[in-house]
Structures are given as structure tokens and as C-alpha cells.
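**Student:** any chance you could fold what I've pasted below:
(2 chains)
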Amino acid sequence: MRKNYSIAYILLIPTFIIIISFIYYPAFYTFKLSFHRMAPFGNRVIYVGLKNYIRLFQDPEYILSIKITFWFLLFTVSLGMLLSFLFALLLNEKVPGTRFYRTLIFAPYAISPAIAGTLWAFLLNPVVGHLNYILLKLFGFQVEWLTTRPYAFFSVAFATVWKNLAFGIIFYLAGLQSVPDDLIEAAMIDGANTFRRIVSIILPYLSPITFYLIIMNIISSMFASFGTIDVMTAGGPAGSTSILMYKLFLDAFTYSRTGAAAAQTVILFVFMVIVTIVYFTYGQRSVHYQ
Amino acid sequence: MHKKHKTRDIIIKEILLIFISVIMIAPIILAITMSFQTRSEVFSFPPKFLPKSLYLGNFLTAIKRVDMVRLMWNSTVMAVVITVGKLITGVLAGYAFSNFRFPGKNLLFMILFFTLFLPAEMVMIVPLFLIMKKLHWINTYFALTVPFLASATNTFLMRQHFLTIPKELEDAATIDGATPIQYLVKILLPLSLPMLGGAAIINFVYAWNMYLWPLIVTTQDRMKTVQVGVKMLFISDAAKNWGVIMAGTVLVAIPTLVVFFLIQNLFIKSLVRSGMKG
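**Tutor:** Numbering: from 1, shown residues only, chains lettered A, B, ... in the order given. Prediction:
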């Protein structure tokens, strides 16, 4: 370990300039803003105390947005986690071609949430969409997927799960490689209770990864799915896909309610701080391997 | 008997894997086949799974309609600058944390750590946007790149890697009279090339795929990025010629998909490393 103080500090300067100016300073700035009201034009700023927060929780659209975010997170994270675990188990099997299958299954991870949005908007389109056509042929089922409730919500949620699935599979696969082979084989012998055996034998080994993935899935559903939503439904119909991030975007950049947007930012920020604290107090403790 | 059992198992798993693979890749494949279909093919019902010929008109229309060349340039500049910036700042800060002892090290580490799970370009859009406005950075490459030139993830990734390199090397270099910077540039970095490559890919894909931030800090079409361009194509086409929209989508998705297919293993290894060992 070198003890050359000045060089160490100089090495840290670039990173800390960026972190302080574009993460910490904005955090404090938005905290201050949330107690003020800004005139849409000009630079008049008026102190309003807690009014922005009070108004926010009296705003039925915001309450709706909280509820939608809750269901959206519950749906996308649990479905995403379940599928990525099952797919990882399958891909971990020693059958021919897994390398090729992996490539295909991981591909959605390389594209952006906005692209995922255009792809699914296209597949579900009532005229040209293949998925819409297949569902019509198989089940005689045809709806306006992106413009009616509750189908818009599920369309966006499925696109989000599809886009994020590879991330979970990749980490579960890496985790499965640290589980002793005979344990996996013991769990996979078919017969009664195979699934229960998988859960009771393999899952404890993977609990740190599961925990990490839950957090990462919450973050990507909560924030990164913005692109998917903006392209597919723009928060509609009637706000039914307007998660908190989308509501924040609308208030800040469509309706120019800076004070309300700042209050929402503070709430999101606090949410993230709680998630981070939970991760580092609970997540670090649940490490079972290494 | 037992062997038969095993073969049956393998076949079932194989079928399941094929089924899942097809479902996962289908949206991308169908977008590609749609992008080569002529207008009348696009609007035929039932939808066609394969185009009759390799019709390129959709690509030309997409490129012209939203000036895709300019948007590609903007996205490339943004992704390259962010990638290089994050690598440089990450290497420097990671080196400080791995090979130096100094007062306040733990505190600084915590300050950095705390940003790990905070997607600032999402959570902080309102204050960040106001800061950009004050700096007169709206519609500039500064707004697209500067806030993202450093990250906790990159710093931790570098630090973690540098910690695996034997300390004896550093001692030997010091005895030979190498300064800390010479040791970093001449010994540490050449030993870290695969890791740097992996980090570069992840950073590039991340930056290329950014959507919300470019959407709000660019108001002029000539400064927009490809991700926003896809949305522009989507809304500009009143008649919704999906052939054109999918052509644009394919063009935007290709760079990251190609990178991914070419160096999948490195990509995945780096992703796991950057995630699991903060």
C-alpha cells in the first residue's frame, strides 16, 4: 500500500467532481426546490413550505401512479425472477446446443428499452402484428392492446419482463456454477416433489444473487422501463401505465410543474436510499457462498 | 432402461429450450423480416413472416425521414465519449482505492458507494435539467456526456481487478524506480486489457441505449440521438408504415446486437463481475 497522499487525492478528483456536481449537488438542489414554487416564465421563486408535498398527495393522478407502480413492480419483478430462475436451470443442463440457445435468449439484453417498446408495439398491432395474429388464430382473442385497459398495462409489463429477463438468467447461471454438481443433480431427479427439492436445495445457495436481482429488477422496472412505456403507451390510456417515473416526466417537462416535480424527485430519491440501505444491511448478511 | 429415461429427459429439455429461444428472439427476427417488406406486404392480412424479396426502400425512407445519419453520429459521439471518460476516471479512482492508503479513504469510498444504485439520469432529471439550462448546455454534446463521465460501478470494477494483481509487482517496479503513474501505465494497464475491454462494451451499450436523458436535453432535431429517433419515426408516420418504423428500429439496434453477438462471453463475464463484486 502506497502512502503517497497527494497522488491518491489527485487520482480521485475527476470522479468526485462528476459525482458531486451531477449527483450530490442536484440531490440537495432538488430538496430545496421541493419547498419552493417556480413561476413558469422568469426566475421568480417563492417559498411554499410543504405545499408541494401536500398537493402531491391530494392529486388523484399521483395516488393512481403510486398504485400502478406498485402493481407494475410486483408483476414485472416476480414474473421476471421466476422465469429467469427456471430458464437458468434449463440452460445449466448438459444438453447439446445450450451455447446457441443462450445467445438467442440473451439477445434482448443488448437492445434498449425504447427499442423493446417499438418491437412490442409492432407485434401487438391489430393490423400488422404477428403476436396479435397468433393470439387471434389460437384463442379468437383480439383487443386493442395498447389503447385499452387493462391490456396496455400487461403489454408494457410483458415487454419489460422480456427486455430484462436475460440479466436475471445471466446472474443465476453464474450462481448455479458455484453450486456443487451433485447437489443440482440430487435436486433435479424427477419424481414427486421435484420442484420443492429444487427450491429447498438450490435456492438457499442462490439467495445472495436472488436478493441482488430483486433490487436490480426493481431499479430497472421503476426507471429504465420509461423508454418502453413512452414508446408503447405514453402513460395511457387514462394513466393506466403511468408509473412514478412517467408521472415525474409529465409534470416536469409537459406541464412545467417544477415544484411538484421536485417533490416527486425527493420521494423517488428517498425510495432509492431505502432500497440501497436495505441492500447493504440485509443483502450483505445473506451471502451464503464464497 | 435408465438410459432411455435419460434420452427422453434430454429431448424434453431440448424442446423446451428451443421453444423459449424462439419466443425470446422472435421479436427481433420479425422486426428484421418486416423491415424488408414492401408497403403492400406490410399491410397484407394475415401478416407475412417472410418478405418476398430484400426490399431496401424502408431503410432509405427511415434514414431520410429523421436524418438517421446525423442521429447515428450524435449517438456515436455520446457513447464513445462516455465510454472513454468512464474508463479513464474509473481507472484513476480505482487505482487510488486499490493501491494507496490515505486519510478519509473510507469516507470517500462510502460517498462513492452510495451512488451505486442511484440511476441519476433518471431520478435526478429535474435538477440536472435545470443545471444544464443554467450552464447553457441544452442541445450540446456537453449535456449528453459530461454528467456521465464517471461512475461508482467502473471505479469498483477497476479497484477489484487491481487488487488481484500481486503486490510484488508493485514493489519490484518501485525498487526499479518507477513512479506510481509509470507503474499504472506500463504494468497495471497492460495486465488489465480484457477487463478494460469488457467494461468498455458494457459502458458503450449503456450509453448507446440511453433514452430519457437525450430526450429532455435535446430540443433541436440535429442534436437528438438514435433512440429518440425511433420514437420520432414512430410518431411522424401518420399512416404507420411499420416497414419503415422497423427499418429504423433495426438500424438502431444493430450496433449493440452485433457487439453482443461477437463478444458475448466477454460481455457476460464483465457484466457479472461488475454486478457481483462491488
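**Student:** how about the longest helix belonging to chain A and chain B, touching?
**Tutor:** When chain A is parsed with DSSP state H, its longest helix is helix A:60-91. Yes - Helix A:60-91 reaches chain B (C-beta under 8 Å from any C-beta of the partner chain) through A:F87, A:L90, A:L91. (C-beta placed from N, C-alpha, C; glycine too.)
**Student:** which non-adjacent residue is nearest the first one?
**Tutor:** By the measure of C-beta to C-beta, 6 or more residues apart in numbering or on different chains, the closest residue to A:F87 outside its immediate chain neighbours is A:I169, 5.1 Å from it.
**Student:** is stretch A:27-44 in proximity to chain B?
**Tutor:** Yes - Stretch A:27-44 lies within reach of chain B by C-beta under 8 Å from any C-beta, at A:A27, A:Y29, A:T30, A:L33.
**Student:** got a list of what the first one touches?
**Tutor:** It refers to A:A27. Residues counted as contacts of A:A27 (C-beta atoms under 8 Å, 6 or more residues apart in numbering or on different chains) are A:F269, B:M124, B:P127.
**Student:** closest one of those to A:A116?
**Tutor:** Of all the contacts of A:A27, A:A116 sits closest to B:M124, with 23.6 Å by C-beta to C-beta.
**Student:** now for the longest helix of chain A, which elements pack on it?
**Tutor:** Applying 3 or more C-beta pairs under 8 Å, 6 or more residues apart in numbering or on different chains; DSSP states H and E, one finds that helix A:60-91 contacts helix A:98-106, helix A:151-176, helix A:203-219, helix A:244-249, helix B:2-35.
**Student:** list the buried residues for that helix?
**Tutor:** By neighbour count on 16 or more other C-beta atoms under 10 Å in any protein chain shown, the buried set for helix A:60-91 is A:62, A:65, A:68-69, A:72-73, A:75-77, A:79-81, A:83-91.
**Student:** repeat for stretch B:6-13
**Tutor:** B:K13.
**Student:** what do you get for stretch B:83-100?
**Tutor:** B:83, B:85-87, B:89-100.
**Student:** and chain A, which of these contact it?
**Tutor:** Checking the buried residues of stretch B:83-100 against chain A by C-beta under 8 Å from any C-beta, the ones in range are B:T89, B:G90, B:L92, B:A93, B:Y95, B:A96, B:N99, B:F100.
**Student:** can you say which helix or strand has the first one in it?
**Tutor:** Per DSSP states H and E: B:T89 is located in helix B:68-99.
**Student:** average pLDDT for that helix?
**Tutor:** What helix B:68-99 shows for mean pLDDT is 96.
**Student:** what distance separates that helix from the centre of its chain?
**Tutor:** Centre-to-centre, helix B:68-99 and its host chain are 11 Å apart (C-alpha atoms, centre = their mean, to the nearest Å).
**Student:** for the closest residue to B:W137 other than its chain neighbours, grab the count of nearby residues.
**Tutor:** Leaving aside its sequence neighbours, B:W137 sits nearest to B:A143 (C-beta to C-beta, 6+ apart; 4.1 Å). Look at B:A143: counted by other C-beta atoms under 10 Å in any protein chain shown, it has 24 neighbours.
**Student:** now do B:A143 against chain A, distance only.
**Tutor:** From B:A143 over to chain A the distance is 11 Å, taken as C-beta to the nearest C-beta, to the nearest Å.
**Student:** the helix or strand where that residue lies: what's the following helix or strand?
**Tutor:** According to DSSP H and E, B:A143 maps onto helix B:141-145. Toward the C-terminus, helix B:141-145 is succeeded by helix B:152-163 as the next helix or strand (DSSP H and E).
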